[in-house]
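Visitor: how would this look folded up:
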Amino acid sequence: MANEYIDFETLKYFLYTIHGLENILKQDRFTDHDKESLDMFLNSVKEFSDRELFPFVKEMDENPAYYKDGSIVVHKQVEAIMKKGGEMGLISGTFDYNSGGLQLPMMIYTASAFIQDAANNHLPGYLGLTIGAAELITHFANKELNEIYVPNMLSGKWGGTMCLTEPQAGSSLSDIVTKAVPSDDGCYKITGQKIFISGGDHQYAENIVHLVLARIEGAPSGTKGISLFVVPKKRFNEDGNLMQNDVTTVADFQKMGQRGYCTTHLSFGDTHDCYGWLVGKEHQGLQCMFMMMNSARIAVGRGAAAITTAAYQASLQYAKERPQGRKLTNAGKKDSGLGQTLIINHSDVRRMLLLQKVIAEGSLSLVLLASKYYDLKTTLTDKDEKEKYSLLLELIIPMVKTYPSEMGIQAISNGVQVLGGYGFCSDFILQQYYRDIRIFSIYEGTTGIQSQDLLGRKLIMEDGKALKLLTNEIMQTIQQASKYDNLKKYANTLGQKLQLAKKVIGFLLDFAQKGEYERFLSDATPFMEFFGNITMGWIWLDIACHSKKALITATGNHSEEFYESKIHAMKFYYKYELPKTIGLAETLMDENTLTVADGNKVFN
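Guide: Down below sits the predicted model:
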């Protein structure tokens with residue numbers, strides 16, 4: 001397999017030109033970094049991914065993680081990524097210097113993780129869960145817990161997980177029953193079970209540090225009674241040696257995709273000898289956990305964008321090499337006098353490839369934008385500016401998680417079609433990418449949950465302030481595009497879509513104002529598709545503006561063909577994707593309430 005799983009030039013163009021990473025580097029937190037050093041970092045990640053990740057992506061699918069004798073056995077490359085993840089700063093990158101980190105911008109971490117995800121999406125999650133668990137400890141745990149756990153996690157010596165879901169509760173965290181009973185020495189005895197724990201056990205970590213949501217005995221019911229605990233697989237005994245902490249791996253889940261990324265069922269306290277340590281304050285576990293959700297959801301969108309990108313590159317490579325059929329002449333007949341043509345010369349194949357391109361590259365730009373907002377809201381000192389980027393991030397996060405995940409499925413489905421019958425065969429990797437990406441719309445809150453978050457919370461928070469801020473950002477791009485004659489009509493189209501969005505939102509909000517909340521949220525998922533489509537129209541118009549400017553001023557670092565290809569992709573999006581908002585708007589403003597009806601009547 002050739003090492004063509006990403007377009008490195010496009011990644012750097014988006015990072016530095018479209019989203020202005022060098023401006024982010026002016027913040028005090030990042031002053032030790034410059035473009036040259038960060039380029040070296042990204043290049044080293046690409047070289048590592050070429051060597052240690054990409055060559056094993058099919059092998060990890062064909063030889064999945066499995067349960068044996070109370071443990072999970074994973075592929076040997078998990079050892080490589082845990083070790084190199086520690087050595088190269090792939091785990092510690094965004095952490096403070098005083099925690100052993102590199103204080104990298106989230107933007108550069110996202111770019112580096114995108115490379116890894118595109119190379120082999122079965123492996124970076126082992127680092128990502130370790131990062132998430134360590135972040136919770138650094139933000140909320142006491143000094144002692146930080147000293148015990150964080151250095152070992154950032155080095156890759158110990159792994160980490162997030163343990164939320166329980167068999168009887170699913171995504172409804174208010175129904176969790178894992179129990180924590182206080183002990184005399186300040187720790188807690190933990191009992192309960194957790195399922196769907198990614199990276200929950202493997203042989204290449206000396207210890208796994210679980211961040212567990214549990215209910216302290218006597219705590220209030222619902223989400224207000226949930227606390228967060230560090231519960232290691234192994235704890236230190238009085239002699240300072242590691243011993244078992246009564247955390248049992250009950251089973252693993254055999255999955256349709258991401259088969260090399262283990263997913264476990266864990267049991268805590270089967271012999272009543274499992275101890276945990278409180279992170280943050282009692283009954284505030286969800287607040288702690290949700291503080292990390294923005295970065296977790298950026299990671300999901302990033303992973304989906306990366307798989308979509310890898311699938312696009314594989315499809316494109318195949319289309320450039322596969323001869324089949326003959327081109328149509330202007331007379332509407334096949335030119336039988338010539339030999340077979342490459343399938344990339346067929347219009348419908350180009351349509352499918354362009355669909356993959358606009359979804360893959362648009363998703364990457366959206367994910368980097370979210371990372372930029374994350375950096376700004378974290379580092380800016382001006383109160384108003386800090387609030388602005390915090391609100392913008394909160395608003396786009398549901399789309400950042402959902403658009404790459406849902407539209408990535410469609411993109412890769414088109415990739416399978418490009419390969420024809422071969423796309424359905426295990427000899428080619430498209431079928432694997434199709435299986436791998438399917439989980440991403442479920443990770444970190446399903447599409448339905450994200451959609452209700454967008455419509456039911458984010459759009460209306462602070463009297464719609466976040467929506468006004470996003471509208472202002474989009475209008476700035478529209479004004480910029482209007483300066484260029486051949487972009488003006490696309491700017492006008494996007495402006496019309498903003499007016500359509502205003503109309504749709506007003507129609508739906510009327511139900512909320514009347515207290516009809518079930519009706520208000522009943523079409524949240526079609527609204528997510530509608531609003532995400534418009535947001536992606538903005539993303540592509542912004543890319544086209546930068547590309548047009550580079551062509552006119554001749555100041556860019558890329559070829560004329562490179563910039564023209566971005567403008568062409570924008571035009572494709574506006575012809576084939578953006579018009580879908582018309583049908584979605586019709587659905588959203590239809591008076592019929594077909595999904596709110598009594599289920600017993602509907603499904604008989």
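Visitor: For the helix ranked longest in the chain, name the packing helices and strands.
Guide: Longest helix in the chain by number of residues (criterion: DSSP state H): helix 383-418. With contacts taken as 3 or more C-beta pairs under 8 Å, 6 or more residues apart in numbering; DSSP states H and E, helix 383-418 sits against helix 293-321, helix 347-379, helix 430-437, helix 447-453, helix 465-481, helix 524-553. Heads up, the C-betas are built off the backbone N, CA and C, glycines and all.
Visitor: give me the number of residues near residue 593?
Guide: By other C-beta atoms under 10 Å, 13 other residues sit near residue 593.
Visitor: My error: substitute residue 7 in the last question.
Guide: 20.
Visitor: ok, now which ones touch it?
Guide: 309, 313, 361 (C-beta atoms under 8 Å, 6 or more residues apart in numbering).
Visitor: The last one is in contact with residue 11, isn't it?
Guide: By that I understand residue 361. No - the pair residue 361 / residue 11 is not scored as a contact, 9.4 Å apart, by C-beta atoms under 8 Å.
Visitor: More neighbours: these two, which one.
Guide: Neighbour totals were compared for residue 361 and residue 11, and residue 361 leads with 26 against 21 (other C-beta under 10 Å).
Visitor: Could I get the full set of strands for the chain?
Guide: Listed in chain order, the strands of the chain (DSSP state E) span 66-68, 71-73, 158-163, 179-182, 188-198, 207-216, 226-232, 234-236, 242-244, 247-252, 263-268, 275-279.
Visitor: Just list what the fourth one packs against, helices and strands only.
Guide: In terms of contacts (3+ C-beta pairs under 8 Å, 6+ apart), strand 179-182 is packed against strand 188-198, strand 207-216.
Visitor: Out of those strands, which is closest to residue 418?
Guide: Nearest of the helices and strands packed on strand 179-182 to residue 418, taken as C-beta to C-beta: strand 188-198 at 30.6 Å.
Visitor: neighbouring contacts of that closest one?
Guide: Under the criterion C-beta under 8 Å, 6+ apart, residues 125, 129, 161-167, 176-183, 210, 212, 214, 216, 229, 231, 250, 253, 261-269, 272, 274-278 lie in contact with strand 188-198.
Visitor: Equivalent analysis for stretch 433-449, please.
Guide: Outside stretch 433-449, the residues that touch it by C-beta under 8 Å, 6+ apart are 61, 121-122, 171, 255-258, 293, 296-297, 299-300, 303-304, 307-308, 310-311, 314, 401-402, 404-406, 408-409, 412-413, 415-416, 453, 524-525, 528.
Visitor: among these, which ones are buried?
Guide: 61, 121-122, 255, 257-258, 293, 296-297, 299-300, 303-304, 307-308, 310-311, 314, 401-402, 404-406, 408-409, 412-413, 415-416, 453, 524-525, 528 (16 or more other C-beta atoms under 10 Å).
Visitor: wait, isn't residue 298 in contact with residue 396?
Guide: No - applying C-beta under 8 Å, one finds residue 298 not in contact with residue 396, separated by 9.9 Å.
Visitor: Compare these two and say which is more crowded by neighbours.
Guide: Higher neighbour count among residue 298 and residue 396: residue 298, with 28 against 25, using other C-beta under 10 Å.
Visitor: show me the contacts for the more buried one.
Guide: Going by C-beta under 8 Å, 6+ apart, residue 298 touches 106, 110, 367, 370, 371, 374, 397, 400, 401.
Visitor: about what we covered before: now the contacts of residue 7 as a markdown table including distance to residue 52?
Guide: Below are these laid out as a markdown table (distance: C-beta to C-beta, whole Å):
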| residue | distance to residue 52 |
| --- | --- |
| 309 | 19 |
| 313 | 19 |
| 361 | 26 |
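Visitor: Could I get the strands of the chain in a markdown table, plus columns for distance to residue 565, mean pLDDT and mean neighbour count?
Guide: Compiled in a markdown table, the strands of the chain are given as follows (distance: least, C-beta to C-beta, whole Å; pLDDT from 0 to 100; neighbours: other C-beta atoms under 10 Å):
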| stretch | distance to residue 565 | mean pLDDT | mean neighbour count |
| --- | --- | --- | --- |
| strand 66-68 | 44 | 96 | 13 |
| strand 71-73 | 44 | 96 | 17 |
| strand 158-163 | 39 | 96 | 27 |
| strand 179-182 | 56 | 95 | 19 |
| strand 188-198 | 36 | 96 | 21 |
| strand 207-216 | 43 | 96 | 24 |
| strand 226-232 | 47 | 96 | 26 |
| strand 234-236 | 52 | 96 | 17 |
| strand 242-244 | 54 | 96 | 13 |
| strand 247-252 | 43 | 96 | 20 |
| strand 263-268 | 38 | 97 | 22 |
| strand 275-279 | 48 | 97 | 23 |
